[in-house]
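Engineer: Here is a sequence with its predicted model. Questions after.
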There are 2 protein chains.
Amino acid sequence: MAATILVVEDEPAIQELISYNLELAGHNALKAQNAEQALEMVRTALPDLVVLDWMLPGMSGIEFARKLRADKRTQAVPVIMLTARADERDKLQGLETGADDYLTKPFSPRELNARVKAVLRRRAPQATDDPVEISGLKLDPASHRVIGNGTPLALGPTEFRLLHFLMTHSERVYSRTQLLDQVWGDHIFVEERTVDVHIRRLRKALEPTSHDRLIQTVRSAGYRFSATA
Amino acid sequence: MAATILVVEDEPAIQELISYNLELAGHNALKAQNAEQALEMVRTALPDLVVLDWMLPGMSGIEFARKLRADKRTQAVPVIMLTARADERDKLQGLETGADDYLTKPFSPRELNARVKAVLRRRAPQATDDPVEISGLKLDPASHRVIGNGTPLALGPTEFRLLHFLMTHSERVYSRTQLLDQVWGDHIFVEERTVDVHIRRLRKALEPTSHDRLIQTVRSAGYRFSATA
DNA sequence: GCCACGCTGTCACAACGTTGTCACGTTTAT
DNA sequence: ATAAACGTGACAACGTTGTGACAGCGTGGC
């Protein structure tokens, strides 16, 4: 989920807070302090998602969102709206601005990330990712395909996301908890050992081309994707 | 960077903000909402670092920090203090509470993480993610790998932690008791001679590349990791 | 609607690695 | 020489991971 996200927020502290957390979550954050600036940036490069403050100096967030929806080119870009209080949120819903989700200030970074993740999964499931290749194992998020030495390999959705994460974060150990957070999402409750089972399924799927050896167990630490034995 | 960090903060929103960011950075966050609760948690398990709000209901942060410094067991635990305004920070410095660093609210998560990293590097290098290399022996916590002159070496979890500690505290003798505290954890009950056995296992694991000579026995004192014979 | 199918999460058990301790051999200092 | 300190191999208890099976769930075809 390496998405480019445009954060439109005039308050520098909140801008920093949001951008930083998005970057920590592996995204690429673009910053704009007002709607005019944001429009300019959208013209240059289309982001995968817009996080938008409702209250902005000059053109308001609502107005900006309307402009996005009006232009065919930017019509499909998902928007998460930031509102100051719960009752303002209600007002907004009445206005039907076309936002994909709302966040009420103050919000926790955890909540922000969860919603960003959810929206991206819903609205931009494939657009953001580049193909990866390691040791003859190719994974292409766009076509949702995995190919080992030329032969296509079949794996389920979870196995695919798991492999994608591991391949884009190779040469590093991840604990079961970290994998659950990163691959499953950070607000779900599943047993840690479930990771084991999916690792096994993934290994089995990669077995035909012997690429299962790339997935290594690090006892009492977690799993690692590595090209070297 | 896999450190256990105790966050003492009564404001739930800030507590969440800090904890979440620490977890994103790969740490394990323990939460306490007041000093009393924090003391109890410290009794159970010693954290690698304490992030402490200055203002707390009941026992103040300063008082808590003093208690930490007073007890030999918790004396060495680094503390990062959170203060509300810059001028309070000056006051605090005058009071010499013994904090390792200060953060003035409002602070950005980026700043928090930077300071945490800096303090850990200074006070608890083995809780850090930084790779270590001494005399051709490389240890990388991120990938959980040990490589001697290019060839990978296999060692068990305890041996890995032991080597990590020794390499980040080289040229210094540690007694069996100290090693037990640092590598095994405090308040656990194992024979001192157990250290001998693990030292031996570690030496055996490093033998293939002759790096076992870096681990030296200091008779009637303990062990030392040293590059010089 | 109804059914077949694939996917998911969980469990129980097997397989394997790790740990702490002991007993005994070896070295070192006085 | 003698006692203390350290090295080393063996081992049983323990913890961690691999694996097959299974029931619940949602989806798409009919």
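Structural biologist: Yes, it's here.
Engineer: which residues does A:Q15 contact?
Structural biologist: A:7, A:9, A:31, A:33 (Cβ atoms under 8 Å, 6 or more residues apart in numbering or on different chains). C-beta here means a position set from N, CA and C on the backbone, and glycine is covered the same way.
Engineer: In chain A, what residue comes closest to DNA strand D?
Structural biologist: Across chain A, the shortest distance to DNA strand D (Cβ to the nearest atom of the strand) belongs to A:T217, at 3.6 Å.
Engineer: Helix or strand for that residue, just tell me which one.
Structural biologist: strand A:215-218 (DSSP states H and E).
Engineer: Tell me the buried residues in that strand?
Structural biologist: A:215-216, A:218 (16 or more other Cβ atoms under 10 Å in any protein chain shown).
Engineer: That strand vs chain B: in contact?
Structural biologist: Yes. On the criterion Cβ under 8 Å from any Cβ of the partner chain, strand A:215-218 is in touch with chain B at A:V218.
Engineer: Show me the domain layout of chain A.
Structural biologist: A:4-123, A:132-225 (automatic domain parsing).
Engineer: Just tell me which of those ends up closest to B:F64.
Structural biologist: Closest approach to B:F64 among the domains of chain A is made by domain A:4-123 (24.9 Å; Cβ to Cβ).
Engineer: mean confidence for that closest one?
Structural biologist: Across domain A:4-123, pLDDT averages out at 77.
Engineer: for stretch A:212-224, same thing?
Structural biologist: Stretch A:212-224 comes out at a mean pLDDT of 96.
Engineer: quick one: the residue of chain A closest to DNA strand D and DNA strand C, what's the gap?
Structural biologist: Distance, A:T217 to DNA strand C, by Cβ to the nearest atom of the strand, to the nearest Å: 9 Å.
Engineer: for that residue, which residues make a bridge with it?
Structural biologist: A:Y223 (DSSP bridges).
Engineer: ok, and the most crowded of the contacts of A:Q15?
Structural biologist: Within the contacts of A:Q15, A:V7 tops the neighbour count with 27 neighbours, counted by other Cβ atoms under 10 Å in any protein chain shown.
Engineer: helices or strands up against the helix or strand that residue falls within?
Structural biologist: Taking DSSP H and E as the definition, A:V7 sits inside strand A:4-8. Secondary-structure packing of strand A:4-8 (3 or more Cβ pairs under 8 Å, 6 or more residues apart in numbering or on different chains; DSSP states H and E): helix A:12-24, strand A:28-32, helix A:35-44, strand A:49-53.
Engineer: Any buried residues in the longest one, and which?
Structural biologist: With burial defined by 16+ other Cβ under 10 Å, the residues of helix A:12-24 counted as buried are A:14-22, A:24.
Engineer: Dump these to JSON lines, plus distance to DNA strand D.
Structural biologist: Below are those laid out as JSON lines (distance: Cβ to the nearest atom of the strand, whole Å):
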{"residue": "A:I14", "distance to DNA strand D": "36"}
{"residue": "A:Q15", "distance to DNA strand D": "37"}
{"residue": "A:E16", "distance to DNA strand D": "37"}
{"residue": "A:L17", "distance to DNA strand D": "35"}
{"residue": "A:I18", "distance to DNA strand D": "31"}
{"residue": "A:S19", "distance to DNA strand D": "34"}
{"residue": "A:Y20", "distance to DNA strand D": "32"}
{"residue": "A:N21", "distance to DNA strand D": "30"}
{"residue": "A:L22", "distance to DNA strand D": "28"}
{"residue": "A:L24", "distance to DNA strand D": "26"}
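Engineer: wait, doesn't A:F225 sit right on A:L162?
Structural biologist: No. The pair A:F225 / A:L162 is not scored as a contact, 9.8 Å apart, by Cβ atoms under 8 Å.
Engineer: quick one, which of those two is more surrounded?
Structural biologist: Neighbour comparison, A:F225 and A:L162: the larger count goes to A:L162, with 24 against 21 (by other Cβ under 10 Å).
Engineer: Now do the contacts for the more buried one.
Structural biologist: Contact partners of A:L162, counting by Cβ under 8 Å, 6+ apart, are A:179, A:183, A:198-199, A:202.
Engineer: just A:K204 next, same as before
Structural biologist: Taking Cβ under 8 Å, 6+ apart, we find A:K204 in contact with A:D212.
Engineer: Identify the residue spatially nearest to A:G185, adjacent ones excluded.
Structural biologist: Distances taken as Cβ to Cβ, 6 or more residues apart in numbering or on different chains put A:K117 closest to A:G185, at 6.0 Å, once the chain neighbours are dropped.
Engineer: Check which helix or strand that neighbour maps to.
Structural biologist: Per DSSP H and E: A:K117 is located in helix A:109-123.
Engineer: And that helix, what does it pack against?
Structural biologist: Counting contacts by 3+ Cβ pairs under 8 Å, 6+ apart, helix A:109-123 packs against helix A:12-24, strand A:49-53, strand A:79-83, strand A:101-104, helix B:12-24.
Engineer: and that helix with DNA strand D, contact?
Structural biologist: No. Helix A:109-123 lies out of reach of DNA strand D by Cβ under 7 Å from any atom of the strand, never closer than 12.4 Å.
Engineer: Enumerate the positions of that helix that are buried.
Structural biologist: Quick answer for helix A:109-123 (16+ other Cβ under 10 Å): A:109-117, A:119-120, A:123.
Engineer: DNA strand C contacts on chain A?
Structural biologist: Residues of chain A lying near DNA strand C (Cβ under 7 Å from any atom of the strand): A:154, A:156-159, A:184, A:188-191, A:193-194, A:197-198, A:201, A:219-220.
Engineer: just checking: which of those residues also lie near DNA strand D?
Structural biologist: Taking Cβ under 7 Å from any atom of the strand, the overlap between the residues of chain A next to DNA strand C and the neighbourhood of DNA strand D is A:193, A:197, A:219-220.
Engineer: tell me which parts of chain A are close to chain B?
Structural biologist: A:13, A:16-17, A:20-21, A:24-25, A:106, A:108-110, A:171-173, A:178, A:218-221, A:224, A:226, A:228-229.
Engineer: let's see 6 Å
Structural biologist: A:13, A:16, A:20, A:24, A:106, A:108-110, A:171-173, A:218, A:220-221 (Cβ under 6 Å from any Cβ of the partner chain).
Engineer: which one among those residues gets closest to B:Q37?
Structural biologist: A:S108 (20.6 Å).
Engineer: From DNA strand C, how far out is the closest one?
Structural biologist: Taking Cβ to the nearest atom of the strand, one finds A:S108 at 23 Å from DNA strand C.
Engineer: What distance do you get for that residue to A:P208?
Structural biologist: Counting by Cβ to Cβ, to the nearest Å, the gap from A:S108 to A:P208 is 44 Å.
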